[in-house]
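Novice: okay, structure incoming, though there's no sequence with it:
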């Protein structure tokens, strides 16, 4: 096998979910692309890794020191939604239903993977609270064991901050889900937190 | 969304089989990789596209003018195996059962996709035949309609070359396949071309 081909195939194989066969297909696709376009792709991969910043307010990915959302004067600066990762910010932004700020923890507490509170951006969050501008913190973490543990931990830490209302995104049966396939805990929670139909 | 992130996600999304969600996962993975490793990956993608050659004998991918296989003096230069694409060369090489040379057509005749014989490296193959060294040509194309059409076309063209024995790789039931799920044409062919057990 040509060395250049071997190299690009093994580089693609380093990416998650890409095996040798897929890597080979991607390499073959590069040959069908314009030279200029492949150069742009390579450049954008390299630049992303070296030039991307983490927003110093919320830890979201950012082109500069402060991310677009934190820099946007039209956003409600009194509300902060705490999420696990950058992808979650995008998921919430795509709904166009939230106008507050975010805080990206960068993971969840997971003793199994050796991730403790100090590995997450908890202190940065508490620093933001200390500035006094934030009135509500919405916890929007996963409902996994790790996510719930992290929510519990954050609740305890945030309760120390006076004047901050704490909330959690609603748990229940998702739209399009069937009751038949929902687990008991979710159903129990959904019944317990039933909402009155006005 | 940060512009650098947006860019790298849309670049990844250009690759076949990679949607927006996967592209995002790949981008996030880049952040967990060492800067140096990402730079190497980007470099190897760009170099592959600009520096790879097609072997001037067999049209296989190659680091130089002539591929490793064609340049290898220990290979049997009297046998040429005709395949559709570079991947097929690797598949056959992985068996370690073939010691001849290859010829990569670069596709198959497909009127539906507007691919005719002139889009394939057929003339290059006939030029090789004209040099008189080749004694056997093995057709190893897919058993799709397009593959069979191409085999038929090549058979006719190669029959004009005197002194060249033509053969096709064996068709039949693959190892691990069940008769129950094989199509009638394959079974009929397998019975017709049954092999005597010595």
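Specialist: Perfect, thanks for sending it. All values derive from a computational prediction rather than experimental measurement.
Novice: give me the helices and strands touching the lowest-mean-pLDDT helix or strand in chain A, please.
Specialist: In chain A, the helix or strand scored least confidently by mean pLDDT, DSSP states H and E is helix A:184-192, which has a mean of 85. Packed against helix A:184-192 by the contact rule (3 or more Cβ pairs under 8 Å, 6 or more residues apart in numbering or on different chains; DSSP states H and E) you find no helix or strand. (Each C-beta comes from the backbone N, C-alpha and C, glycine too.)
Novice: next one: it to chain centre, how far?
Specialist: Relative to its chain's centre, helix A:184-192 lies at 26 Å (Cα atoms, centre = their mean, to the nearest Å).
Novice: buried set for that helix?
Specialist: A:186, A:189, A:190 (16 or more other Cβ atoms under 10 Å in any protein chain shown).
Novice: same check on stretch A:67-82?
Specialist: A:67, A:68, A:69, A:70, A:75, A:77, A:79, A:80, A:81, A:82.
Novice: contacts made by the least confident helix or strand of chain A with the rest, please.
Specialist: Helix A:184-192 has contacts (Cβ atoms under 8 Å, 6 or more residues apart in numbering or on different chains) with A:171, A:172, A:173, A:179, A:182.
Novice: tell me, what residue is most central in chain A?
Specialist: residue A:85 (2.0 Å; Cα atoms, centre = their mean).
Novice: name the nearest residue to residue A:167, ignoring sequence neighbours.
Specialist: Nearest residue to residue A:167 in three dimensions, chain neighbours excluded: residue A:138, at 5.1 Å (Cβ to Cβ, 6 or more residues apart in numbering or on different chains).
Novice: now residue A:165. Its backbone dihedrals?
Specialist: Reported as degrees, to the nearest 10, the phi and psi values for residue A:165 are phi -90, psi 130.
Novice: how about it: what's its closest non-neighbour residue?
Specialist: Per Cβ to Cβ, 6+ apart, closest to residue A:165 is residue A:136, 4.5 Å.
Novice: and the next helix or strand past the helix or strand that contains the residue nearest to residue A:167?
Specialist: For residue A:138, the host element (DSSP states H and E) is strand A:136-139. Using DSSP H and E, the helix or strand that follows strand A:136-139 towards the C-terminus is helix A:145-159.
Novice: run the chain-centre distance for that next one.
Specialist: 16 Å.
Novice: equivalent analysis for stretch A:121-140, please.
Specialist: The answer for stretch A:121-140 is 17 Å, by Cα atoms, centre = their mean.
Novice: what do you get for stretch A:147-162?
Specialist: With Cα atoms, centre = their mean, you get 18 Å for stretch A:147-162.
Novice: which residues touch residue A:24?
Specialist: A:9, B:87, B:90.
Novice: top of these by number of neighbours, please.
Specialist: Each of the contacts of residue A:24 was scored for neighbours by other Cβ atoms under 10 Å in any protein chain shown, and residue A:9 scores highest at 23 neighbours.
Novice: tell me if I'm right that that one and residue A:25 touch.
Specialist: No: if you go by Cβ atoms under 8 Å, residue A:9 and residue A:25 don't touch, sitting 9.7 Å apart.
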